[in-house]
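> what's the 3D shape of this:
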Amino acid sequence: MSGRGWTIVILCVILGIGVLVGAGYFVNKALFSEKSGEGSSFSLEASPVYNEALYDINQYYFKPFSEAKITDAAEKAVKDAQKKGETSPDKLLDVGLTALGKALDDEHSGYMNASQNKRLTEDLSGSFYGVGFTLKVDKDKEGKGTDRPKVVSVIKDSPSDKAGVKKDDLIMSVDGKDTKGVPLDTVILWIRGKNGTKVNIKAKRGDESLDFNMVREKITIPDLETEIVDGKYGVLRLFEFNSGVGQKVRDAVRDMQSKGVQGFILDLRNDPGGLLDEAVKVSSVFINDGVIVSYQTKGSPKVDEKARGGAETALPLVVLTNGGSASSSEIVAGAIKDHKRGTLVGTKTYGKGSVQKVYELDNDGAMKLTISLYYLPNGESIDGTGIEPDVMVEAKDDPNEDQIQLDRAKQVLQNLIDGKPPTGVLLQLAA
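Numbers count the residues shown, from 1 in each chain. Next up, the predicted model:
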């Protein structure tokens with residue numbers, strides 16, 4: 001296979017919401033024989049890796065940008081670092097590439113150094129050494145956020161779960177290092193480490209200050225949990241769109257259907273996304289035919305991803321969503337809504353409607369670039385807006401919000417099973 005022939009289609013989630021997995025990418029492997037940074041002096045323009053990154057931006061980044069602006073920013077950053085005494089070619093290259101990506105002014109695009117790229121690989125493999133919670137940035141918009149990492153979810157039986165970490169805890173410091181304004185990837189790298197090593201995390205829960213001392217261990221990221229609730233509702237909790245999860249959902253639906261369930265609840269809350277192909281496969285378990293999602297990259301024709309494999313069930317369906325449902329989760333929720341195959345319950349989704357492509361570089365880093373928006377079956381782009389549920393269920397100040405939403409989903413599903421409208425009894429029309 002040629003150097004740039006290896007492509008995996010996934011959707012990006014490394015974007016500001018719960019980070020355990022990359023929410024989605026097209027991953028390209030680029031191989032170059034030359035090494036950068038050799039010689040007594042350093043020049044960005046002479047670096048094969050820098051020129052490779054600049055080529056990828058020009059070739060694939062789909063938004064308008066000024067090449068002069070981004071290259072000037074990169075050169076200025078390197079000069080500033082040199083003035084401060086930095087002489088390492090590798091570190092100066094990282095500085096330049098970071099500034100190059102940041103100057104695109106796209107929160108979903110940028111440079112990942114070797115450590116950050118390694119973390120992405122760990123995420124996609126589904127396991128790493130850490131403490132077991134997902135994070136998003138509590139952005140400081142108009143004084144309403146803290147600009148610190150906030151816990152999105154805690155993995156059951158992980159060190160975090162055993163220590164008492166809870167959803168919405170704010171991470172204040174890691175081993176004494178303040179997290180305010182620090183990039184999420186950096187905080188995650190602080191938290192992860194070698195198996196068996198200790199990490200101290202200080203957090204806030206409301207007005208309460210918390211101190212967690214935990215030992216890192218191997219964390220295996222779950223992708224799907226299933227159960228039959230009340231003897232008749234098949235519940236599928238999808239945590240991320242890893243390779244093979246579409247078949248797992250299909251097998252689970254087939255099994256629960258054979259056990260007599262009367263309908264299904266697909267729980268996509270706090271699912272940050274993953275493989276695009278798996279989003280299509282999960283949708284296809286419930287949708288028999290038609291377009292699931294469309295996208296168009298720079299200089300290429302539009303691609304329609306259609307349902308495949310035939311629907312596994314025609315039983316009533318409810319989909320649970322919230323602000324942590326992003327990327328591939330939104331593709332599935334949007335397809336089900338547009339095809340009128342089920343009812344969405346919960347709160348509005350995140351609004352991650354763009355596609356990223358990650359290009360690995362010869363220094364073991366990578367450029368992550370936005371290359372397209374994606375579109376729901378009705379042609380709508382939900383980038384920055386999200387998907388509104390059919391039945392809004394929000395209880396922000398109630399610690400039992402998750403259970404309240406699930407209970408409401410069961411009520412809606414029962415209505416659908418009984419042939420009633422989702423939110424109430426059938427209307428009696430006058431003859």
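
> what about the strands in the stretch 51-200 of the chain?
Remark: strands assigned in the stretch 51-200 of the chain by DSSP state E, counting those that start in this stretch are 110-112, 127-130, 133-138, 148-154, 170-174, 177-178, 198-205.

> just name the most buried of those strands.
Sort those by mean neighbour count, taking mean count of other CB atoms under 10 Å, and strand 110-112 sits at the top with a mean of 24. Heads up, the C-betas are built off the backbone N, CA and C, glycines and all.

> what pairs with that strand, parallel or antiparallel?
strand 366-375 (antiparallel) (DSSP bridges).

> average pLDDT across whatever helix or strand comes next after the strand it pairs with?
As assigned by DSSP states H and E, the chain's next helix or strand after strand 366-375 is strand 391-392. The average pLDDT within strand 391-392 is 95.

> Val345 is nearest to which of the strands of the stretch 51-200 of the chain?
Of all the strands of the stretch 51-200 of the chain, strand 148-154 sits nearest to Val345, with 18.6 Å by CB to CB.

> okay, the angle between that closest one and strand 198-205?
Note on geometry: by axes from the mean of the first three to the mean of the last three CA atoms, to 10 degrees, strand 148-154 and strand 198-205 are set 100 degrees apart in direction.

> could you dump the strands of the stretch 51-200 of the chain to CSV with mean pLDDT and distance to Glu401?
Converted to CSV, the strands of the stretch 51-200 of the chain look like this (pLDDT from 0 to 100; distance: least, CB to CB, whole Å):
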stretch, mean pLDDT, distance to Glu401
strand 110-112, 93, 33
strand 127-130, 85, 26
strand 133-138, 84, 16
strand 148-154, 89, 13
strand 170-174, 97, 18
strand 177-178, 96, 30
strand 198-205, 96, 15
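
> now those as TSV including distance to Asn322?
Below are the strands of the stretch 51-200 of the chain laid out as TSV (distance: least, CB to CB, whole Å):
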stretch	distance to Asn322
strand 110-112	26
strand 127-130	24
strand 133-138	12
strand 148-154	10
strand 170-174	19
strand 177-178	29
strand 198-205	20
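
> low-confidence stretches in the protein?
1-40, 123-126, 140-145, 424-431 (pLDDT under 70).

> any idea how it splits into domains?
Domain segmentation of the chain under automatic domain parsing yields 7-119, 127-220, 224-353+377-417.

> most packed of these?
Among the domains of the chain, ranked by average contacts under mean count of other CB under 10 Å, first place goes to domain 224-353+377-417 (a mean of 20).

> let's have the domains of the chain in TSV, adding distance to Leu369.
Shown next, in TSV, are the domains of the chain (distance: least, CB to CB, whole Å):
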stretch	distance to Leu369
domain 7-119	5
domain 127-220	16
domain 224-353+377-417	10
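
> nearest to Ala366, of these?
domain 7-119 (4.6 Å).

> the residue lying closest to Ile287 once chain neighbours are set aside and Gly274, how far apart?
Leaving aside its sequence neighbours, Ile287 sits nearest to Ala307 (CB to CB, 6 or more residues apart in numbering; 4.8 Å). Ala307 sits 18 Å away from Gly274, going by CB to CB, to the nearest Å.

> hang on, the earlier thing: could you point out which of the domains of the chain sits nearest Tyr359?
If you check each of the domains of the chain against Tyr359 by CB to CB, domain 7-119 wins as the nearest, at 4.7 Å.

> ok, back up a step: quick one: closest of the strands of the stretch 51-200 of the chain to Asp230.
strand 148-154 (24.1 Å).

> of the strands of the stretch 51-200 of the chain, which is nearest Leu344?
strand 148-154 (19.8 Å).

> give the bridge partners for Val199, please.
Counting by DSSP bridges, Val199 forms beta bridges with Met214.

> how close does it sit to Val154?
Per CB to CB, Val199 is found 15 Å from Val154.

> if we can go back for a sec, quick one, which of the domains of the chain is nearest to Asn363?
Going by CB to CB, the one of the domains of the chain nearest Asn363 is domain 7-119, 4.9 Å.

> related to what we said a few turns ago, residue contacts, the residue nearest to Ile287?
Each residue near Ala307 by CB atoms under 8 Å, 6 or more residues apart in numbering is listed here: Val280, Ser283, Ser284, Ile287, Asn288, Asp289, Gly290, Val291, Ile292.

> which one of the residues you listed is nearest Gln356?
Once CB to CB is applied, the member of the contacts of Ala307 that ends up nearest Gln356 is Val280, at 17.4 Å.

> how about the closest one, what does it touch?
Going by CB under 8 Å, 6+ apart, Val280 touches Gly246, Ile292, Val293, Glu305, Lys306, Ala307, Arg308, Ile331.

> hmm, 10 Å instead?
Listed by CB atoms under 10 Å, 6 or more residues apart in numbering, the contact partners of Val280 are 9, 241, 246, 287, 291-293, 305-309, 328, 331-332, 335.

> same check, this time on Leu100
Leu100 neighbours (CB under 10 Å, 6+ apart): 44, 50, 53-54, 57, 70-75, 77, 110-111, 367.

> ok, back up a step: inside helices: which ones of the contacts of Ala307?
Members of those lying in helices (criterion: DSSP state H): Val280, Ser283, Ser284.

> adding distance to Leu97, write those out as a markdown table.
A markdown table is the format used below for these (distance: CB to CB, whole Å):
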| residue | distance to Leu97 |
| --- | --- |
| Val280 | 33 |
| Ser283 | 36 |
| Ser284 | 39 |
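
> picking up where we left off before, of all the domains of the chain, which one is nearest Leu361?
So among these, domain 7-119 is nearest, using CB to CB, at 5.1 Å.

> all strands of the stretch 201-350 of the chain, in order?
In the stretch 201-350 of the chain, the segments counted as strands under DSSP E, counting those that start in this stretch are 208-215, 217-220, 224-229, 233-238, 263-267, 291-295, 303-306, 317-321, 343-346.
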